[in-house]
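**Q** no FASTA, just this:
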C-alpha cells in the first residue's frame, strides 16, 4: 500500500522565471522578499544552470514550507538564502526522493489521484 505525503497544493506550477519563483515563495510563506534581489536570482539561476528545473524548485519550496512553516524556531529559515543554496537544495530534494522511494508518494495536490 502506498502512503501519500501531501506537501500542499501548488496554485502555480508553471514557473518560468526566477522572479516567479521568489513570488511563489512569498505566496507560500507569507513573506515579502524582493523579486529583483540579485543574490536571490543568482541562486535560482545557479540551480537551473546545474540542471535542476522549475518543477523541482516548486517541490522543494512546498516541502520546506510544509516541514517548517508551523515551527516557530524554523519558519524564520524559509528564505531564499537557505532554500536555494546548492547544498541545501540538493539535500532537501534528495530527502524528498528518499521519501518517495520508501513506500511513499509525494503529491502536490489536496487529494491523491487514484
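**A** Good, I have the coordinates. Predicted, not measured: the structure shown is a model, and the values here were computed from it.
**Q** tell me the pLDDT at the residue nearest to the spatial centre of the chain?
**A** The structure's the chain has its C-alpha centroid closest to residue 61; by C-alpha atoms, centre = their mean the separation is 1.5 Å. On pLDDT, residue 61 comes in at 93.
**Q** where exactly do the strands run in this protein?
**A** Taking DSSP state E to define them, one finds strands in the chain at 3-6, 104-107.
**Q** OK, contacts around the residue nearest to the centre of the chain?
**A** For residue 61, the contact set (C-beta atoms under 8 Å, 6 or more residues apart in numbering) comprises 21, 24, 25, 28, 83. (Each C-beta comes from the backbone N, C-alpha and C, glycine too.)
**Q** what about the protein, any weak spots by pLDDT?
**A** Along the chain, segments meeting pLDDT under 70 span 1-13, 100-114.
**Q** just so I have it, where are all the helices in it?
**A** 18-29, 38-49, 54-68, 72-75, 80-83, 86-101 (DSSP state H).
**Q** what does the longest one rub up against?
**A** When you say that, I think you mean helix 86-101. Residues external to helix 86-101 that are found in contact with it (C-beta under 8 Å, 6+ apart): 5, 43, 46-47, 50, 52, 56-57, 59-60, 63-64, 82-83, 106.
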